[in-house]
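Student: missing the sequence, but the structure's below:
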Ligand SMILES: [Zn+2]
Ligand SMILES: [Zn+2]
């Protein structure tokens, strides 16, 4: 099952390291109010989980590496862009497969 929030924010499949939201649940603010936009770190985790990095060549499932050899904070912008492009294409392909609804 995919909710609209999950289609809009595919990173919801990852747990959030920031607010400890479990996979599939939206991020929360302090005092447990739901937060509409997931935390940026959650997006980074999703990007790293699915996409090879064109900048530092970290394979999917591993974090980015800075030129110094230390872990890069977050993900390279090129990687975030590649993940967004791939996901958008997948969504478009998906919606083409949906048969027309009869009225
Ligand atoms: Zn969060
Ligand atoms: Zn990278």
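Tutor: Noted; the coordinates are in hand. Remember, it's a predicted structure, so these values are computed and weren't measured experimentally. Ligands and ions are numbered 1, 2, ... in the order given.
Student: name the helices or strands packed onto the longest helix along the chain?
Tutor: Ranked by residue count under DSSP state H, the longest helix found in the chain is helix 77-97. Contacts defined by 3 or more CB pairs under 8 Å, 6 or more residues apart in numbering; DSSP states H and E place helix 77-97 against helix 40-50. Bear in mind the C-beta positions are built from the backbone N, C-alpha and C, glycine included.
Student: Relative to the whole chain's centre, how far out is the helix it packs on?
Tutor: Here the centre of helix 40-50 is set off from its chain's centre by 5 Å, with CA atoms, centre = their mean, to the nearest Å.
Student: and the angle from that helix to helix 77-97?
Tutor: 70 degrees (axes from the mean of the first three to the mean of the last three CA atoms, to 10 degrees).
Student: For ligand 2, tell me whether helix 40-50 is touching it.
Tutor: No - using CB under 5 Å from the ion, helix 40-50 never reaches ligand 2; the gap is at least 8.4 Å.
Student: and that helix, what's its mean pLDDT?
Tutor: Helix 40-50 carries an average pLDDT of 96.
Student: Which residues does that helix contact?
Tutor: The contact list for helix 40-50, computed with CB atoms under 8 Å, 6 or more residues apart in numbering, reads 9-18, 21, 27, 58, 60-64, 74-75, 79-80, 83, 86.
Student: Which entries within those meet the buried criterion?
Tutor: 9-12, 14, 16, 21, 27, 58, 64, 74-75, 79-80, 83 (16 or more other CB atoms under 10 Å).
Student: Which residues of this structure lie near ligand 2?
Tutor: Going by CB under 5 Å from the ion, the residues of the chain near ligand 2 are 53, 55, 56, 64, 76.
Student: Include secondary structure and distance to residue 46 when you put those residues into TSV, please.
Tutor: Formatted as TSV, the residues of the chain next to ligand 2 follow (DSSP: H, G, I helix; E, B strand; the rest coil; distance: CB to CB, whole Å):
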residue	secondary structure	distance to residue 46
53	coil	13
55	coil	17
56	coil	18
64	coil	13
76	coil	14
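Student: Between which two of those residues is the distance greatest?
Tutor: 55 and 64 (7.3 Å; CB to CB).
Student: what's the longest helix of the chain in contact with?
Tutor: 7, 10, 43-44, 46-48, 50-55, 58, 64.
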